[in-house]
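Q: let's see this in three dimensions:
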Amino acid sequence: MKSKILKISSFLLLFSLMGAGCEKDEFTQEHYPFKLHYAIQNEQGQEVTQINQGENFYFYFSIENTSDRNTPIDDHHLFGNDELFKVFNYDNLNNEEYAGEIQSTVCSQVGGCLGQANTKFEFKLPWSSLKDTSINVICCYYLLEKQSSLPIGKYLIKYTGSIPYYYENASGDIVGDETHNYNLKYKFEIVK
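A: All right, here's what the predicted structure looks like:
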């Protein structure tokens, strides 16, 4: 009889642990609702790892709220950090050196950009613009300028940052939260 009770108890414990694991996965999906993508595109809008020297290229950045609730981004300075839209040289030892950037001019202090439920926002910024202008990306303005092409070499773009956001819970309270750090890297080459 003790053996039978022990087997049933073990089975119930295992079943409850399995259920807890599923709840945790669902909680993580709901808790961190943003999906990011960062890449280099050619003039035809295709993701590429090689650009011919002298050709323009584009930074492609997207952020998607995959949840069913609005979760506006709260701190644009933290999210639109100083790595976004910067280019780094790298060598075979993965040493990185600053090579250039599209500069941020000002970010809004007011929270609440983006984050609409089940919505994807896409941004495509040229390395070199035909004329000097600025563009709004995630409540920050970036200066698009005429820039010289990058020399032949290996480059990367990266984004390491978290997303602070807020949402309204079931009882109507506004709750602030922040995702874990994203660590995106995209390597490309300028070739002859």
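
Q: going forward, measure contacts and count neighbours with C-alpha atoms only.
A: Fine.

Q: so who does Glu189 touch?
A: Applying C-alpha atoms under 8 Å, 6 or more residues apart in numbering to Glu189 gives the contacts 49-51, 152-155.

Q: quick check: which element contains it?
A: strand 182-191 (DSSP states H and E).

Q: put the alpha carbons of that strand into CSV.
A: Extracted in CSV, the C-alpha atoms of strand 182-191 (Å, rounded to 0.1, in the frame of the first residue of the first chain):
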residue,chain,number,x,y,z
TYR,A,182,18.8,41.8,-26.3
ASN,A,183,22.1,41.1,-27.8
LEU,A,184,21.9,41.5,-31.6
LYS,A,185,24.9,41.4,-34.0
TYR,A,186,24.9,41.5,-37.8
LYS,A,187,28.2,41.2,-39.7
PHE,A,188,28.8,42.4,-43.2
GLU,A,189,31.6,43.2,-45.6
ILE,A,190,32.4,46.0,-48.0
VAL,A,191,33.9,44.3,-51.0
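
Q: which of the contacts of Glu189 are buried?
A: Among those, those that count as buried by neighbour count (16 or more other C-alpha atoms under 10 Å) are 49-51, 154-155.

Q: flag every buried residue along stretch 120-137.
A: 120, 124-128, 134, 137.

Q: what does stretch 93-112 contact?
A: Contacts for stretch 93-112 (C-alpha under 8 Å, 6+ apart): 72-77, 85-90, 127, 139-145.
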